[in-house]
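# fold the following for me, if possible:
(chains A and B)
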Number of protein chains: 2
Amino acid sequence: MKNIAIVGVGLIGGSLALQCRKKGIASHIIGVDNNATHSTEAVALKLVDEIQSLEDAVQHADAIVLAVPMNALVKLLPTVLDMVNNQIVIDMGSTKSILTEAVKNHPKRGRFVASHPMWGTEYSGPSAAVDGAFENKAVILCDTENSDAYAVDYAKELYTKLNMHIIEMNAIDHDLHAAYVSHISHITSFALANTVLEKEREDKAIFEMASAGFESTVRLAKSNPDMWAPIFMQNKDNVLDVLNEHISQLRKFKSCLEKENWDYLKELMSQANQIRRIIQ
Amino acid sequence: MKNIAIVGVGLIGGSLALQCRKKGIASHIIGVDNNATHSTEAVALKLVDEIQSLEDAVQHADAIVLAVPMNALVKLLPTVLDMVNNQIVIDMGSTKSILTEAVKNHPKRGRFVASHPMWGTEYSGPSAAVDGAFENKAVILCDTENSDAYAVDYAKELYTKLNMHIIEMNAIDHDLHAAYVSHISHITSFALANTVLEKEREDKAIFEMASAGFESTVRLAKSNPDMWAPIFMQNKDNVLDVLNEHISQLRKFKSCLEKENWDYLKELMSQANQIRRIIQ
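From the prediction side, this is the model:
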């Protein structure tokens, strides 16, 4: 039972705090957040035991978990590493290459474990924290050979207690795969929302007809731009690669319809059905 | 309490059958299906009381509900109207213009009510029938001025008993709006599945990372091509119109990333967030 500091007490950090308390992962949970409203909310919602300044929290914690947007994280991580002695630092960010590059020569690099729990919702802030988050999802640990063994052990123990499935890979591969299975879904959902909102100007009646299928494909469009814009930017090359592929796949559907190529249209859809072998 | 015949005992027809029994909408439910396996399943699953030939079912029913794929429906509807005397005929198909056009001069046109319940899942066949389907969703009734009053009353009573929200509009408007809120979501989901499956050839590891967000955006890609290809084809012009808009919206994201236009990227995402005013 240790003291844990969680920097950024929003959706991800707040959900982690709930699980840390529930599973007895930490005896004392310290929150850190630049946003005064979020700080107050996090205490009121009993996500954290108290709010401290970053300096105090790092001083008092055995482990510091960073759960802030990627643009802030890239600046925050070296600052935190400057402050630590033996404390362990873990991030929960959605991209890894630029972050690990930013601290590769830091004298305290070994204290840091780069991780990405593959869990989230389209909501944000402390009130979005979810009881039972992370359970049975995957978590990626990156470049663990650059972390001290005891730091990696701590991270694995933490995620095992959260009932997560641990996968190790290097930061470059992580960013490639994250673009395919997470980042592109967000782009398509944002763009679909804009498509329908653009058309809605012609007639509002369409919204009375929105069905569960539409809601499912468009729900990620509610996600926080302050969180997602830095992710797309930091993973620009991979996101562009998969976005180009996606536009090309959409053009195949377009061409089938234009040419009334019935057989190829059904073939494209049968190919897509193969996703069943991965998503039950 | 009347005899109802349901032609096509798959996802939609089977789910209707379950609700008709549960809510006492029909005293006897007759199923009709070209597919012998589906016919056997529908009886075994107690969706319908018995299977009859189309001719016999039309003869014995007070109302005939057609729940077959759109390409079959366009041929089936005139055939059924040829057979009816005072029976009511209702279809549950996803496009309306070509269908209503196909029977506009039929002497029995008044017996027919064109409807589209805005409910479905990505699964198909009798085993996909869902207990409690349709509840609290919208149903569109089209061109009701071309149907006899008693037929429209019957359809409204049926859908009211299913707890559906009835909206009336003409067939042309229906197809436009259906393209925006339903058909485009299916195209983007099919294309997203193909995008990821194309990339997966390079590395299977990505599937270990699939998260709830990915599953949500890609689940419609499991939908039945035999049902959806005819829908896209029959609503070709509207689907192409919204698909072109969608590709254009995706290109805006692409351009932002290529030019590292951070402000416009966040603006696009904030615009997309406005979908919250429709989808909670």
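# where along the stretch 151-280 of chain A do the strands fall?
Remark: strands assigned in the stretch 151-280 of chain A by DSSP state E, counting those that start in this stretch are A:165-169.
# quick one: low-confidence parts of the stretch 101-250 of chain A?
Across the stretch 101-250 of chain A, the ranges flagged by pLDDT under 70 are A:201-207.
# wouldn't A:Ile279 be in contact with B:Val218 here?
Yes - A:Ile279 lies in contact with B:Val218 (Cβ atoms under 8 Å); the separation is 6.2 Å. Glycine gets a C-beta too; all of them are placed from N, C-alpha and C.
# which one of the two is surrounded by more residues?
The residue with more neighbours, out of A:Ile279 and B:Val218, is B:Val218; 30 against 17, by other Cβ atoms under 10 Å in any protein chain shown.
# quick check: that one vs A:Asn235, distance?
Between B:Val218 and A:Asn235 the computed distance is 19 Å (Cβ to Cβ, to the nearest Å).
# quick one: contacts for the nearest residue to A:His174 once chain neighbours are set aside?
Closest residue to A:His174 apart from its sequence neighbours, by Cβ to Cβ, 6 or more residues apart in numbering or on different chains: A:Lys96 at 4.7 Å. Contact analysis of A:Lys96 by Cβ atoms under 8 Å, 6 or more residues apart in numbering or on different chains lists A:Ala114, A:His116, A:Ile140, A:Cys142, A:Asp143, A:Ala171, A:His174, A:Asp175, A:Ala178.
# same thing with A:His165?
The contact partners of A:His165, taken as Cβ under 8 Å, 6+ apart, are A:Asn136, A:Lys137, A:Ala138, A:Val139, B:Glu208.
# now, which of those residues lie within strands?
The strands, defined by DSSP state E, take in A:Ala138, A:Val139 from the contacts of A:His165.
# A:Asp82 - how many residues pack around it?
Residues near A:Asp82, counting by other Cβ under 10 Å, number 11.
# quick check: closest non-adjacent residue to it.
Counting by Cβ to Cβ, 6+ apart, A:Lys108 is the residue found nearest to A:Asp82 once chain neighbours are left out, at 7.5 Å.
# that neighbour against A:Leu81, yeah?
Yes - using Cβ under 8 Å, A:Lys108 is in contact with A:Leu81, at 4.3 Å.
# quick one: the residue of the stretch 1-150 of chain A at minimum distance from chain B from A:Lys254, how far?
Proximity of the stretch 1-150 of chain A to chain B (Cβ to the nearest Cβ) peaks at A:Met118, 4.4 Å away. From A:Met118 across to A:Lys254, the span is 32 Å (Cβ to Cβ).
# and A:Asn85, by the same measure?
Separation of A:Asn85 from A:Lys254 (Cβ to Cβ): 59 Å.
# mind checking which of A:Met118 and A:Lys254 has more residues around it?
Neighbour comparison, A:Met118 and A:Lys254: the larger count goes to A:Met118, with 24 against 18 (by other Cβ under 10 Å).
# show me which pair in the contacts of A:Lys96 is furthest apart.
Pairwise distances across the contacts of A:Lys96 peak at 14.5 Å for A:Asp143 and A:Ala178 (criterion: Cβ to Cβ).
# compare those two (neighbour count), which wins?
Per other Cβ under 10 Å, whichever of A:Asp143 and A:Ala178 has more neighbours is A:Ala178, with 24 against 20.
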